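[1] When you get a sec, could you give me coordinates for this:
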Amino acid sequence: MPAGPYDDLVAHLVRSTPLSPSEATRVVAEVVGYFGEPVPDFVRRRHAELKRRGLTNDHIFAALETEMATRRFAPPPLSARQLRRIVYG
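    Numbering: from 1, shown residues only. Got it, this is the predicted structure:
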């Protein structure tokens, strides 16, 4: 198993799941990348996903506010206007 900053987590996943070391390493990298996504990228990505589901901006911005508060390192609260600026410039 290659040395890395998340060796303990990878080893735990290998012991506790049917994942191979390389699969566990990829899963950890995906999760770390997901939670390391910059706020503007997260807002744009989620806005596009929710828009494709047919939600209106009012519902989308409310959902984004809720979702951002649950992130591992939550950003400061953003107003609907700030979210709109991120999405539309």
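
[2] measure the residue most central in space within the chain to residue 82 for me?
    With distances taken as CA atoms, centre = their mean, residue 34 lies nearest the centre of the chain, 3.9 Å away. Applying CB to CB, to the nearest Å, the value for residue 34 to residue 82 is 22 Å. Quick note: C-beta positions are derived from backbone N, CA and C, even for glycine.

[3] Pull the number of nearby residues for residue 65.
    14 (other CB atoms under 10 Å).

[4] by contact count, what packs against the one helix or strand it maps to?
    Applying DSSP states H and E as the criterion places residue 65 in helix 57-69. On a contact count with 3 or more CB pairs under 8 Å, 6 or more residues apart in numbering; DSSP states H and E, helix 57-69 meets helix 39-52, helix 80-88.

[5] Only C-alpha atoms, please: export the helix or strand where residue 22 lies in PDB.
    According to DSSP H and E, residue 22 maps onto helix 21-35. This file holds the C-alpha atoms of helix 21-35, laid out as PDB (Å, rounded to 0.1, in the frame of the first residue of the first chain):
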ATOM      1  CA  PRO A  21      -6.300  -1.000  -1.200                       C
ATOM      2  CA  SER A  22      -6.400   0.800  -4.600                       C
ATOM      3  CA  GLU A  23     -10.200   1.100  -4.500                       C
ATOM      4  CA  ALA A  24     -10.100   2.400  -0.900                       C
ATOM      5  CA  THR A  25      -7.400   4.900  -1.900                       C
ATOM      6  CA  ARG A  26      -9.600   6.100  -4.800                       C
ATOM      7  CA  VAL A  27     -12.700   6.400  -2.500                       C
ATOM      8  CA  VAL A  28     -10.700   8.400   0.100                       C
ATOM      9  CA  ALA A  29      -9.300  10.700  -2.700                       C
ATOM     10  CA  GLU A  30     -12.900  11.300  -4.000                       C
ATOM     11  CA  VAL A  31     -14.300  12.100  -0.600                       C
ATOM     12  CA  VAL A  32     -11.400  14.500   0.200                       C
ATOM     13  CA  GLY A  33     -11.800  16.100  -3.100                       C
ATOM     14  CA  TYR A  34     -15.500  16.500  -2.700                       C
ATOM     15  CA  PHE A  35     -15.100  18.200   0.700                       C
END
